[in-house]
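1. Give me coordinates for this.
(one chain, ligands or ions: 1)
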Amino acid sequence: MIDEGRQGEALMTNDGGAGKRKLYLESYGCQMNFADSEIVASILKNDGFTTTKDFHEADVIFVNTCAIRENAEQRVRNRLNEFKQVKRKNPDMIVGVLGCMAERLKEQFLDQEKIVDIVVGPDAYRDLPNLIAKVEGGQKAVNVILSKEETYADITPVRLDANGVSSFISIMRGCDNMCSFCVVPFTRGRERSRDPHSIVREAQELFANGYREVTLLGQNVDSYIYAGGGLKKEILTEEQRSSATTFAQLLEMVAQVHPDLRVRYSTSNPKDMTDDVLHVMAKYDNICKYVHLPVQSGSTRLLEVMNRGYTREDYIDRINAIKRILPGCGISSDIMTGFCTETEEDHKETMSLMEWADYDFSYMFAYSERPKTLAERTLTDDVPEEVKQSRLAEIIKLQQKLSAAKTNAAVGKVHRVLIEHESKKSPDMWMGRNSQNNVVVFPKGNYKKGDYVNVLAESCTLATLIGRVIE
Ligand code: SAM
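-> Numbers count the residues shown, from 1 in each chain. Next up is the predicted model:
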């Protein structure tokens, strides 16, 4: 997930305005989308573009969209309305929509939103220069072809708004899970993994350029498997499987890039998370002790309706494995309220599982029906909106209680912190994270971004530790 404050922010490269044409690029949704925008920026940089923070002066406006919930799409439509005024004054300005909403709506987008000139799905970014040329020639342009092969492995992403310390690396694309609520398999296509050597190379380059943390990204990282390229479902033979690179192996390869390069990853899926990944995490100090393991619901019955592929007991078994192999590991989750047929009893089971798992943090959502999904085609969205919202409020309140207790328990302890940037609240303080992903702020002293420091936490707010560096 990307911080709410960064949704829709204009993303900037620091190329000093080298390109002649100006690109205004904003992104919505998940980390994967923000990482994709870095690929888009890289492709367009080679086509003579530089980024701008002011859409009034842009030659091209691109909005990298999210389709996961109805409100994410509504937000993009409102934004397109704002761009209308500018396009009225500057009719040559090109407006394009990229990403999941583009893939979902395809040509329909051009009919629904007259301002839009280009519609491009997540697997077609290499075609952007051609599509822009087509629009300059007076036509509208659409490319929403989903690929079996595309991983953009050979494209070095341009780092957008980078703090110069932490960066994302996409390790796979698409998703084969078919959770009944989820639009991702329809917007991002089938699952395929990226060549591990290109991933390691990217991590090495980032480290050489001063970066000290990478987050490996995929919809379901535990399912990563590379056997020479192509779709995961086409890796069929025993021989292919036995010689393939798994996620545990990839994680180890990236951890070995340098002991000072921290490694994180997201997202794990309880049905695929194996102990060997946890053992690799235990073996390397530089792999952060933090697992994001979305549960969605604590009710086995509802998990089945969701087609998640695990039961409440399976999930508990995975959390127990994390706690056994990685004592003190941070754990977070995604939770959804009001999915089709959810009863008060199911909801209570979710609450009790949250208490038991004792999450450090959760991303929580009310269910939003998405076109084309299994749920939309076969189930009734039967939980009233006010019930979805009141259950959501209850789980948020519970999570706040759990998070506050966790943060309080971290006070009085020393944390190894990687300095990321200046604290938003004070120019005299640094902000960084410990291995468990807690935010820590402390006086700057003589330290700089990218340094590792030991910080004694002396107090806290709801989600932030406040302390001082100790030698
Ligand atoms: N691939 C990850 C997984 O399967 O756990 C997460 C994918 S999604 C980008 C992030 C979260 O959005 C999901 O874990 C889920 O909680 C939420 N989400 C997905 N579809 C949703 C829907 N239709 N309505 C509400 N929330 C949804």
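2. For the rest of this, base every contact and every neighbour count on C-alpha atoms.
-> Noted.
3. just checking, what packs against the helix or strand containing N408?
-> In the assignment (DSSP states H and E), N408 maps to helix 385-410. In terms of contact count using 3 or more C-alpha pairs under 8 Å, 6 or more residues apart in numbering; DSSP states H and E, helix 385-410 is assigned the packing partners strand 330-337, helix 344-357, strand 361-366, strand 452-460, strand 464-470.
4. check contacts around the residue lying closest to T380 once chain neighbours are set aside.
-> Distances taken as C-alpha to C-alpha, 6 or more residues apart in numbering place C340 nearest to T380, at 6.1 Å, with adjacent residues excluded. If you count contacts by C-alpha atoms under 8 Å, 6 or more residues apart in numbering, C340 has them with 305, 375, 379-383.
5. Can you select the buried ones from those in ChimeraX?
-> To isolate the buried ones among those in ChimeraX, judged by 16 or more other C-alpha atoms under 10 Å, type:
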select :305,375,379,381,383
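6. Can you give me the buried ones in stretch 157-168?
-> So, applying 16+ other C-alpha under 10 Å, buried residues of stretch 157-168: 157-160, 164-168.
7. try stretch 91-101
-> 93-101.
8. Can I get the residues you listed in a markdown table including distance to the ligand?
-> Converted to a markdown table, the buried residues of stretch 91-101 look like this (distance: C-alpha to the nearest ligand atom, whole Å):
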| residue | distance to the ligand |
| --- | --- |
| M93 | 31 |
| I94 | 28 |
| V95 | 25 |
| G96 | 22 |
| V97 | 18 |
| L98 | 16 |
| G99 | 13 |
| C100 | 10 |
| M101 | 13 |
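9. hmm, which two among these are most spread apart?
-> Spanning the widest gap among these are M93 and C100, at 22.7 Å by C-alpha to C-alpha.
10. one step back: and the buried residues of stretch 91-101, which of them are in strands?
-> 94-99 (DSSP state E).
11. Sitting in strands, which of the buried residues of stretch 157-168 do you find?
-> Per DSSP E, strands hold the following members of the buried residues of stretch 157-168: 166-168.
12. What is the nearest of those residues to Q74?
-> Among these, and counting by C-alpha to C-alpha, the member closest to Q74 is F168, at 26.8 Å.
13. Now do the same for that closest one: its pLDDT.
-> On pLDDT, F168 comes in at 94.
14. Is it in contact with A35, as I believe?
-> Yes. Using C-alpha atoms under 8 Å as the test, F168 is close enough to A35 to be in contact (6.3 Å).
15. On the three-state scheme, L216 is what?
-> Of the three states, L216 takes strand according to DSSP: H, G, I helix; E, B strand; the rest coil.
16. correct me, but it touches Y265?
-> Yes. Between L216 and Y265 there is a contact at 4.4 Å, judged by C-alpha under 8 Å.
17. rewinding a little: mind listing which of the contacts of C340 are in helices?
-> Counting by DSSP state H, those place 305, 375 in helices.
18. Look at whichever residue of the stretch 201-350 of the chain sits closest to the ligand and say how many residues are nearby.
-> Proximity of the stretch 201-350 of the chain to the ligand (C-alpha to the nearest ligand atom) peaks at Q219, 3.9 Å away. A count of nearby residues for Q219, using other C-alpha atoms under 10 Å, gives 25.
19. cool, and G210?
-> Neighbours of G210 using other C-alpha under 10 Å come to 14.
20. For it, give me its contacts.
-> 164-165, 450.
21. what do you get if the cut-off is 10 Å, keeping everything else the same?
-> 164-166, 261, 449-450 (C-alpha atoms under 10 Å, 6 or more residues apart in numbering).
22. cool, and L44?
-> Here L44 is in contact with 19, 21-23, 38, 50-51, 125-126, 128-129, 158 (criterion: C-alpha under 10 Å, 6+ apart).
23. Spell out which residues of the chain are next to the ligand.
-> 68-69, 181-182, 219-220, 267, 269, 294, 296, 334-336, 365-370 (C-alpha under 6 Å from any ligand atom).
24. pLDDT weak spots in the stretch 1-150 of the chain?
-> 1-3, 5, 14-19 (pLDDT under 70).
25. Repeat that for the stretch 201-350 of the chain.
-> Counting by pLDDT under 70, the stretch 201-350 of the chain contains no low-confidence segment.
26. What ranges does it have for its strands?
-> 213-217, 225-226, 245-246, 262-266, 290-292, 330-337 (DSSP state E, counting those that start in this stretch).
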